[in-house]
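>>> Mind folding the following:
(one chain, ligands or ions: 1)
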Amino acid sequence: MINFNSHLTLAHDYWKQYLKPGARAIDGTCGNGKDSLFIAKIILTEQGGELCCFDIQKKAIETTKSLLKENLSQKQFERVVFYEQSHERFPKELFGTDLIVYNFGYLPGSDKTITTMTSSSLSSIENGLSLLSEGGMMSLTCYPGHEEGEKEEKATFAFCETLENERWKISYHKQLNKKSAPSLIIIQKKAFN
Ligand SMILES: C[S@@+](CC[C@H](N)C(=O)[O-])C[C@H]1O[C@@H](n2cnc3c(N)ncnc32)[C@H](O)[C@@H]1O
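Numbers count the residues shown, from 1 in each chain. This is a model prediction of the structure:
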């Protein structure tokens, strides 16, 4: 048997292929900070790069802050901005962002009722796409194994299908014979030539 990469490994591979030192990224659901750290190590240098971490839970922001503080240099850490608020509306100053990532669902090992919700996730995706730089990328991991997650995944697919093919390139990965398997959607804004 070969090993299929998990949706998160695949997501990280896409981010790594695309990101350059000095880029600006948003982690829309920073949770325990693992994705934020992965991104921070690629884009943050002593002189450049910016990472914006969003989460509605104080605990998530604090965990992410300490993970990044422990694993980055002081100068890199100073390039991270934390927002203890919903990703539903990103500040307009974030126009020109290269990567926006969402890892939907609830914080592992925490209150499962505090989960991303279909309607705010969709508003955030729509708003986030308008902030992307030319060639910019959005990465979404969906968890249809719980009720709200299933709704969120369906609505995200339906929204993605409305995006014009001339402007957006979209790929989708999922283990097809397991309904509850997580899925990964990558959206890339086609650069004007
Ligand atoms: C699956 S976890 C994220 C895991 C994280 N990416 C990591 O690497 O550890 C989902 C997170 O989304 C957060 N969340 C839920 N609704 C949100 C919202 N409207 N805006 C921002 N974060 C939200 C939850 O608090 C939770 O921490």
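>>> which residues in this structure form helices?
Listed in chain order, the helices of the chain (DSSP state H) span 7-18, 34-43, 58-71, 74-77, 118-131, 147-161.
>>> Run through who's touching the last one.
Okay, so that is helix 147-161. Contact with helix 147-161 is made by 104-105, 115-118, 121-122, 125-126, 140, 142-144, 170, 172, 183, 185, 187, as judged by CB atoms under 8 Å, 6 or more residues apart in numbering. For the C-beta atoms, the positions are set from N, CA and C on the backbone; glycine is no exception.
>>> Next: the shortest one.
Contacting residues not belonging to helix 74-77 are listed as 40, 44, 45, 46, 49, 68, 69 [CB under 8 Å, 6+ apart].
>>> same thing but at 10 Å, please
40-41, 43-47, 49, 51, 65, 68-71 (CB atoms under 10 Å, 6 or more residues apart in numbering).
>>> Dump the longest strand belonging to the chain to PDB, keeping only the CA atoms.
Secondary structure of the chain read by DSSP state E shows that its longest strand is strand 132-142. This file holds the C-alpha atoms of strand 132-142, laid out as PDB (Å, rounded to 0.1, in the frame of the first residue of the first chain):
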ATOM      1  CA  LEU A 132      -5.600  38.500  -2.500                       C
ATOM      2  CA  SER A 133      -2.700  39.700  -4.500                       C
ATOM      3  CA  GLU A 134      -2.400  38.700  -8.200                       C
ATOM      4  CA  GLY A 135      -1.500  35.000  -8.200                       C
ATOM      5  CA  GLY A 136      -2.500  34.900  -4.500                       C
ATOM      6  CA  MET A 137      -3.800  31.700  -3.000                       C
ATOM      7  CA  MET A 138      -6.500  30.600  -0.500                       C
ATOM      8  CA  SER A 139      -6.500  27.200   1.200                       C
ATOM      9  CA  LEU A 140      -9.500  25.700   2.900                       C
ATOM     10  CA  THR A 141      -9.700  22.500   4.900                       C
ATOM     11  CA  CYS A 142     -13.300  21.300   5.600                       C
END
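>>> Now it: average pLDDT?
Averaging pLDDT along strand 132-142 gives 98.
>>> Same question for stretch 43-57.
97.
>>> Identify the residues contacting the residue of the chain found nearest the ligand.
Nearest residue of the chain to the ligand, counting by CB to the nearest ligand atom: residue 31, 2.6 Å away. By CB under 10 Å, 6+ apart, the residues touching residue 31 are 53, 55, 57, 59-61, 63-64, 103, 105-108, 110.
>>> just to revisit the earlier point, partner strands of the longest strand of the chain, parallel or antiparallel?
strand 97-103 (parallel), strand 183-189 (antiparallel) (DSSP bridges).
>>> Quick check: nearest residue in space to residue 42, chain neighbours excluded?
residue 19 (4.7 Å; CB to CB, 6 or more residues apart in numbering).
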